[in-house]
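Student: generate a structure from the sequence data that follows.
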Amino acid sequence: MNVSELLKINFRKENFISNASISDTLHRTLDSKIKIIEKIKREAESSNYSNNFNDNTELLYNKFIDEKNTEKYTSKELRDLSFVIGQNNIGSKEINILSSSILTQKYLTILESGWNDRFLFGLFHGLIKNWNHPNKLNLELLWDFLHEKLEYYSDGKPSLEAIKKNLKYYNINNGGIILGNELFVKKINLDQIFDFINIPESWFTYEYFAEVLVTYFEKSRENISEIINEVSDILTKHNNSVTTKKILSRIITYIDKNSNKTNQDLIITLTFKHIGDPAKINLWNSPIEFNDNDKEIFKKARIIMNEWLTKQFISVFFEKCINKIDRKKFWLRYVKHISQFLVVGPSNILYTLQRDERIKDVVLNRFSKVRVDKDNAALMFIIKDRLFVEFSDDGAFYVYKLSNPNCPSIDEPSFYSTRNLKHINMEQLIYRTGSYISKTNSEGKMPHINATVSWQEVTDKWFKLELNINA
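Tutor: You can find the predicted model right below:
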């Protein structure tokens with residue numbers, strides 16, 4: 001296969017004779033193919049360096065960390081050594097040069113002693129890969145050394161010229177922020193970033209791009225409905241859980257204040273895919289890389305996600321399982337205070353819930369089956385230190401203290417019957433005479449019965465008196 005066939009370009013003599021100018025279509029085709037060639041060159045250059053590591057490289061690293069070594073380094077050894085700083089490990093050895101000021105100084109001194117511009121690419125690779133290294137002072141030493149060398153670089157190699165041209169994007173203080181902001185301002189799609197800065201696409205998982213992506217998506221939040229698919233694709237390619245949690249938590253907190261229900265549904269789906277159910281605390285632990293602000297945003301995002309899901313479940317439960325709109329409206333007023341919930345019912349109720357677009361993807365994690373009761377269901381939820389249970393019949397809802405040994409467990413995977421959730425001998429939650437409340441209990445049952453005052457008004461008073469909560 002020749003070059004024309006490989007690139008799918010048909011260079012026909014007659015076309016150029018009949019029309020000496022290049023058509024727009026051909027111009028676009030040529031641009032596209034040139035970008036493909038440039039991408040192949042970038043990846044090949046990166047692959048060429050990474051494939052040089054072998055048993056000799058481990059020996060080289062041992063030589064470097066050996067305090068007693070006085071043997072000089074060959075030119076090839078120095079070139080290979082320039083790439084060592086961008087590796088996590090070589091063979092059985094863990095690479096931790098940047099963790100030690102002594103090793104960092106020694107490393108840069110050795111490279112300086114036999115300097116060659118061929119070392120630049122390896123050092124740059126190490127900078128991008130270790131962008132969020134906890135030892136900022138040593139990372140600064142690397143950046144200062146590299147920056148000075150690039151300032152004086154003039155050999156004309158395209159990859160290094162591109163790095164030199166874009167030095168502002170690699171300043172360890174704010175380089176990633178500058179690039180993320182510029183991509184947004186210039187409306188450059190993230191899939192074009194590698195053409196824009198001319199570095200290998202295989203580096204996209206590196207720490208540097210975390211800062212770029214967080215900045216870009218923070219700027220793009222107002223257009224979330226337009227870029228939602230891009231967010232998902234990019235997070236998959238970047239493949240970094242820390243970055244994913246930073247970006248999605250910021251989008252969630254923004255949408256909660258500034259967006260509509262459609263965007264809520266989109267980000268719920270996206271978050272379940274990339275982080276998981278907020279009910280699973282282990283999936284929503286803050287990474288150690290988070291600072292205090294990141295932790296606060298992430299914690300808030302989990303609360304918001306739970307609130308959105310609780311709203312959806314309450315709405316669907318009372319619409320589809322009971323068709324009691326008055327109860328739905330009442331409990332939606334307390335949704336901000338609900339920390340956990342569970343639907344209990346038979347298989348046909350599960351099927352009904354799974355057919356609803358609002359919650360179909362998240363039902364299983366919040367559903368507990370019963371072995372009997374074909375038509376009865378219950379909604380369990382926790383507010384402060386109380387468990388509330390609403391049923392699909394017209395009777396009463398029940399309130400238990402979580403410390404009560406008879407309190408049903410909201411973590412149970414299954415129940416024999418929804419009757420297991422009722423202790424019919426419990427006292428009334430509230431005793432009243434007309435509009436006068438004569439007694440309240442910390443736990444009990446509350447019938448959905450209206451008298452002089454509605455059950456909703458009475459329950460509101462109980463919330464205020466017992467839990468100090470206003471709807």
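Student: pull the contacting residues for the nearest residue to Trp115 once chain neighbours are set aside.
Tutor: Excluding the flanking residues, the one nearest Trp115 by C-beta to C-beta, 6 or more residues apart in numbering is Lys149, at 7.6 Å. Every C-beta, even on glycine, is put in place using the N, C-alpha and C of the backbone. Contact partners of Lys149, counting by C-beta atoms under 8 Å, 6 or more residues apart in numbering, are Trp115, Asp117, Phe119, Leu120, Leu123.
Student: again with Asp155
Tutor: Applying C-beta under 8 Å, 6+ apart, the residues near Asp155 are Asp117.
Student: how close does it get to Tyr431?
Tutor: 90 Å (C-beta to C-beta, to the nearest Å).
Student: do a quick rundown of the strands in the stretch 351-471 of the chain.
Tutor: With DSSP state E, counting those that start in this stretch as the criterion, the stretch 351-471 of the chain has strands at 367-370, 378-383, 386-391, 396-401, 414-415, 430-433, 436-440, 444-447.
Student: before we move on, what about the stretch 1-150 of the chain?
Tutor: Here the stretch 1-150 of the chain has its strands, by DSSP E, counting those that start in this stretch, at 89-90, 93-94.
Student: what's in contact with the last one?
Tutor: When you say that, I think you mean strand 93-94. Glu58, Tyr61, Asn62, Asn88.
Student: mind checking pLDDT for the first one?
Tutor: According to the model's per-residue confidence, Glu58 sits at a pLDDT of 85.
Student: can you pull out the low-pLDDT segments for the stretch 201-350 of the chain?
Tutor: Applying pLDDT under 70 to the stretch 201-350 of the chain flags no residue at all.
Student: so where's the stretch 351-471 of the chain shaky on pLDDT?
Tutor: Judged by pLDDT under 70, the stretch 351-471 of the chain has no weakly predicted residues.
Student: and this protein, what are its domains?
Tutor: Following automatic domain parsing, one gets these domains for the chain: 3-45, 55-165, 175-275, 322-467.
Student: which one of the ones you listed lies nearest to Glu296?
Tutor: domain 175-275 (9.5 Å; C-beta to C-beta).
Student: chain center to the closest one, what's the gap?
Tutor: Centre-to-centre, domain 175-275 and its host chain are 9 Å apart (C-alpha atoms, centre = their mean, to the nearest Å).
Student: would you map the helices across the stretch 151-300 of the chain?
Tutor: Taking DSSP state H, counting those that start in this stretch, the helices of the stretch 151-300 of the chain run over residues 158-165, 175-185, 193-197, 208-219, 224-238, 241-258, 261-274, 292-316.
Student: now do the end-to-end distance for stretch 275-285.
Tutor: Length of stretch 275-285, first residue to last, C-alpha to C-alpha, to the nearest Å: 10 Å.
Student: buried ones in that stretch?
Tutor: Across stretch 275-285, burial judged by 16 or more other C-beta atoms under 10 Å covers Ile275, Asp277, Pro278, Ala279, Trp284.
Student: distance of the nearest residue to Ile234 once chain neighbours are set aside relative to Asp80?
Tutor: Using C-beta to C-beta, 6+ apart and skipping the chain neighbours, the partner closest in space to Ile234 is Leu190 (5.3 Å). Taking C-beta to C-beta as the measure, Leu190 falls 33 Å from Asp80.
Student: repeat for Glu466
Tutor: To Asp80, Glu466 is 71 Å away according to C-beta to C-beta.
Student: look at these two and report which has more neighbours.
Tutor: Neighbour count, other C-beta atoms under 10 Å: between Glu466 and Asp80, Asp80 has more, with 21 against 17.
Student: and Lys445, what does it touch?
Tutor: Lys445 is in contact with Ala396, Phe397, Tyr398, Val399, Lys422, Ile424, Met426, Glu427, Gln428, Leu429, counting by C-beta under 8 Å, 6+ apart.
Student: quick check: the fifth one vs Asp393, distance?
Tutor: In this structure, Lys422 and Asp393 are 10 Å apart, going by C-beta to C-beta.
Student: compare those two (neighbour count), which wins?
Tutor: Lys422 (18 against 14).
Student: show me what contacts the more buried one?
Tutor: Val389, Phe391, Tyr398, Lys445.
Student: same thing but at 10 Å, please
Tutor: Applying C-beta atoms under 10 Å, 6 or more residues apart in numbering to Lys422 gives the contacts Ala378, Val389, Phe391, Asp393, Gly395, Ala396, Tyr398, Pro408, Lys445.
Student: what does Phe184 give?
Tutor: Neighbouring residues of Phe184 by C-beta under 10 Å, 6+ apart: Leu190, Thr215, Tyr216, Phe217, Glu218, Lys219, Ser220, Asn223.
Student: quick check: closest non-adjacent residue to Thr459.
Tutor: In space, Thr459 is closest to Met446, 6.0 Å off (C-beta to C-beta, 6+ apart).
Student: how many neighbours does the one you found have?
Tutor: Met446 has 20 neighbouring residues, counting by other C-beta under 10 Å.
Student: doesn't Glu457 make contact with it?
Tutor: No. Using C-beta atoms under 10 Å as the test, Met446 is too far from Glu457 to be in contact (11.8 Å).
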